[in-house]
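Peer 1: how would this look folded up:
(2 chains)
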Protein chains: 2
Amino acid sequence: MPRKSSRPTVATIARDLGISPATVSYALNDKPGVSAAMRARVLEHASAIGWTPHSGAQALRRGRSGNIGLVLVRDPEELSREPFYSAVTAGIEAATSAHGFELLIRFVRGGADDEVDVFRAWSHQRRVDGVVLLDLAKDDHRPPVLEALSLDFAVLGHYSGPEDFVKVTTAEPADAATVIDHLLERGYDGCLQLTGPFEYAHEGRRRELLARLCAERGIPHLHVPGTYTVDSGYRAFQAADTSLSARPAVVTSSDLIAVGALRAAAAQGVAIPRDLGLVSWDDSLIAEVTSPSITALSRRPFDMGRAAGDLLAQKIDGRIPGGSTIENSPAALIPRGSTARP
Amino acid sequence: MPRKSSRPTVATIARDLGISPATVSYALNDKPGVSAAMRARVLEHASAIGWTPHSGAQALRRGRSGNIGLVLVRDPEELSREPFYSAVTAGIEAATSAHGFELLIRFVRGGADDEVDVFRAWSHQRRVDGVVLLDLAKDDHRPPVLEALSLDFAVLGHYSGPEDFVKVTTAEPADAATVIDHLLERGYDGCLQLTGPFEYAHEGRRRELLARLCAERGIPHLHVPGTYTVDSGYRAFQAADTSLSARPAVVTSSDLIAVGALRAAAAQGVAIPRDLGLVSWDDSLIAEVTSPSITALSRRPFDMGRAAGDLLAQKIDGRIPGGSTIENSPAALIPRGSTARP
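Peer 2: Predicted structure coming up:
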């Protein structure tokens, strides 16, 4: 059902100036066969009546949609509770709109295969010029697919595969040391790590880093994987051996996992921060308002999203080469009630 | 910088079948001049090699972009802390993608004028087929602008102007009664209402409804407007007269305002729930994890967003008339620690 519209077109300009649509088109597209005076007259009138190119026509002519895509792979209702992804999304949008791109968002429930299906559809329809990849797996299968689809992409987070694409890395070695040093300083003598799925490259990396740091400091380290939900944090805490040391601390990969651990500890009568410490690898308002409030790494996900959107837009515009990388600065630790001094 | 692509095109099909691109195009577009057998052969091969129409070409031919737009008018960093809008967005996306539309998202800081600028640009570039409007003002100026731009739209929330567009309304009279009845049942004898800006139609409506219900029940009612942030809730509580009755309750329009009120009460040594009750008009994980936890109306923003996205997609497809309305079912009140029994 096409609708009538007040939008000025090439035909409007031609009618207003009493010239042919072909002449208007040649002038607007800077092609030969139109005098400089006529071109100036057409451009001036086009500007005066608010003419802009049709995005569909522009996409055909320039081989560009002007859109950047983001697929978030998680249950949408769960994601809407997760401040980290909302902040990353807002950051990506801030950068893409500043570069004149629109941001397309899709939530998929199934997994990485469903995400790739969206990328294929977007590519075949020429609906996006590039995408941002989050939550990279160890040997992530998406980069080769995107290369084959000729879609530009930026990676946000740790990735251990070939590195000829633009990416924003996190300062995980520094962040891990910040967490462990804080726990030792507060008198905790063991580390129980509750993460998301181990397939994610950043979770594998965080586990390696914490395990190594604990070994170096001579304190025990345990790890229980789960998902990024309150329920998963609750169950992981229940399943874990909290007697790994005299006064251990729990380190969670997200604020939702931390809330689950806090509730499970309360249900078991474990006193936080006296008998057990708790640190989240993500900060948010949720970590601020719990009781006790949760010590957290403030990683500035908005800034991380903005950096990734910025790199991608520049890559699409051909202004930076593949391989360009921004290293996110180390996170600040916000000490709160969950890791009080002994 | 157009890039080479593996995407199959009309030319691919023509080459594969050894026929002219014109014949392929006629067959795909169901135009006369091609035999039924040839059309079947073309469609079969197109399907086999994964051909899909170019979205730009389709937009030009059908007068449709296949996109739905959403503009969120607030500071993006603040919005990423606000679970209500994340859930509404996820709900809209669930509906629009089910109908085959893509969702374009923009955050604007300035205000409703900046939002209208985005709508104009989207319309002139034919980038979206419709938009969802949130946070309607009393005599909202966006509907007439959208009519003039020939952009379809769906309204989510209370609106008191002319009503020939599709909308999802909230059950505010029932919700207001649920809140006041709960407060009386718990022995509170006054209502201090902390809202967002009074220009929003739903805030005006909530104020009227609570004021009338309080008058009917013979208890005092006070109102302090602010914005949807923790800081604003804190300041509004400080500025308010909390001695309006012997044991009043605070009713906030969002969970962030409620957190601000909770903190201000703690700073003043006001005991919640003993001396003062607290209810939020929005539920979220934040309301669950505060101490005390916050009694809240569970309005299911994901479902509200999905209903709005669904109505808009159906309206664009010409399957429902203007004026179609879905009334959101009344919210359930989740009693928590902030309104304990006396």
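Peer 1: helix/strand/coil for the residue of the stretch 201-342 of chain A found nearest chain B?
Peer 2: The nearest approach of the stretch 201-342 of chain A to chain B comes at A:Ser291, 3.3 Å away (Cβ to the nearest Cβ). (Each C-beta comes from the backbone N, C-alpha and C, glycine too.) Secondary structure state of A:Ser291, per DSSP: H, G, I helix; E, B strand; the rest coil, is coil.
Peer 1: Quick check, it in contact with B:Ala266.
Peer 2: No: contact criterion Cβ atoms under 8 Å: A:Ser291 and B:Ala266 do not qualify, at 11.1 Å.
Peer 1: Mind checking which of those two has more residues around it?
Peer 2: When neighbours are counted by other Cβ atoms under 10 Å in any protein chain shown, A:Ser291 comes out ahead of the other of A:Ser291 and B:Ala266, with 15 against 12.
Peer 1: Please name the nearest non-neighbouring residue to that one.
Peer 2: The spatially closest residue to A:Ser291, leaving aside those adjacent along the chain, is B:Ser291, at 3.3 Å (Cβ to Cβ, 6 or more residues apart in numbering or on different chains).
Peer 1: repeat for A:Ile49
Peer 2: Residue nearest to A:Ile49 in three dimensions, not counting chain neighbours: A:Pro8, with 4.6 Å by Cβ to Cβ, 6+ apart.
Peer 1: So what's the predicted local confidence for the residue nearest to the spatial centre of chain A?
Peer 2: Centroid-nearest residue in chain A, with Cα atoms, centre = their mean: A:Val88, separated by 4.6 Å. With respect to pLDDT, A:Val88 scores 93.
Peer 1: again with A:Val179
Peer 2: 98.
Peer 1: what do you get for A:Ala57?
Peer 2: 67.
Peer 1: cool, and A:Leu192?
Peer 2: Here, the pLDDT recorded for A:Leu192 equals 98.
Peer 1: what secondary structure does it sit in?
Peer 2: A:Leu192 is classified as strand under three-state DSSP.
Peer 1: what sits against it?
Peer 2: A:Leu222, A:His223, A:Val224, A:Ala240, A:Asp241, A:Thr242, A:Leu244, A:Pro248, A:Ala249, A:Val250, A:Val251 (Cβ atoms under 8 Å, 6 or more residues apart in numbering or on different chains).
Peer 1: would you say the first one is within a helix?
Peer 2: Okay, so that is A:Leu222. No: A:Leu222 sits outside any helix when classified using three-state DSSP, being strand.
Peer 1: which bits of the stretch 201-342 of chain A sit near chain B?
Peer 2: Listed as neighbours of chain B in the stretch 201-342 of chain A under the rule Cβ under 8 Å from any Cβ of the partner chain: A:230, A:256, A:259, A:262, A:284-286, A:289-291, A:301-302, A:317-318.
Peer 1: so of those, which ones are in helices?
Peer 2: When DSSP state H is applied, those are split such that A:Val230, A:Leu256, A:Val259, A:Leu262, A:Leu285, A:Ile286, A:Val289, A:Pro301, A:Phe302 fall in helices.
Peer 1: So the first one is in contact with A:Val259, correct?
Peer 2: Yes: at 5.0 Å, A:Val230 and A:Val259 qualify as touching, with contact defined as Cβ under 8 Å.
Peer 1: Please enumerate the shared neighbours of these two.
Peer 2: With Cβ under 8 Å, 6+ apart as the test, A:Val230 and A:Val259 both reach B:Leu285.
Peer 1: Report the buried residues of stretch A:177-193.
Peer 2: A:177-180, A:182-184, A:186, A:188-193 (16 or more other Cβ atoms under 10 Å in any protein chain shown).
Peer 1: and stretch A:36-51, which residues are buried?
Peer 2: Applying 16+ other Cβ under 10 Å to stretch A:36-51 flags A:Met38, A:Arg39, A:Arg41, A:Val42, A:His45, A:Ala46, A:Trp51 as buried.
Peer 1: can I get those residues in JSON lines with pLDDT, distance to chain B and secondary structure?
Peer 2: Output for the buried residues of stretch A:36-51, formatted as JSON lines (pLDDT from 0 to 100; distance: Cβ to the nearest Cβ, whole Å; DSSP: H, G, I helix; E, B strand; the rest coil):
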{"residue": "A:Met38", "pLDDT": "84", "distance to chain B": "24", "secondary structure": "helix"}
{"residue": "A:Arg39", "pLDDT": "82", "distance to chain B": "21", "secondary structure": "helix"}
{"residue": "A:Arg41", "pLDDT": "87", "distance to chain B": "21", "secondary structure": "helix"}
{"residue": "A:Val42", "pLDDT": "82", "distance to chain B": "17", "secondary structure": "helix"}
{"residue": "A:His45", "pLDDT": "86", "distance to chain B": "16", "secondary structure": "helix"}
{"residue": "A:Ala46", "pLDDT": "81", "distance to chain B": "12", "secondary structure": "helix"}
{"residue": "A:Trp51", "pLDDT": "71", "distance to chain B": "8", "secondary structure": "coil"}
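Peer 1: would CSV of these with distance to B:Val73 be doable?
Peer 2: Putting the buried residues of stretch A:36-51 into CSV (distance: Cβ to Cβ, whole Å) gives the following:
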residue, distance to B:Val73
A:Met38, 42
A:Arg39, 39
A:Arg41, 39
A:Val42, 36
A:His45, 33
A:Ala46, 30
A:Trp51, 27
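Peer 1: any idea which of the residues you listed is closest to B:Val116?
Peer 2: Closest approach between the buried residues of stretch A:36-51 and B:Val116, by Cβ to Cβ: A:Trp51, at 18.8 Å.
Peer 1: domain ranges for chain A?
Peer 2: Listed domain ranges for chain A are A:10-52, A:67-170+A:302-327, A:172-299+A:332-339 (source: automatic domain parsing).
Peer 1: what's the span of the first one from first residue to last?
Peer 2: To tie it back to what came earlier, the one meant is domain A:10-52. One end of domain A:10-52 to the other measures 10 Å (Cα to Cα, to the nearest Å).
Peer 1: so what's the nearest residue to A:Pro335 once chain neighbours are set aside up against?
Peer 2: Nearest in space to A:Pro335, with sequence neighbours left out and distances taken as Cβ to Cβ, 6+ apart, is A:Thr295 at 5.2 Å. Applying Cβ under 8 Å, 6+ apart to A:Thr295 gives the contacts A:182, A:277-280, A:287, A:333-339.
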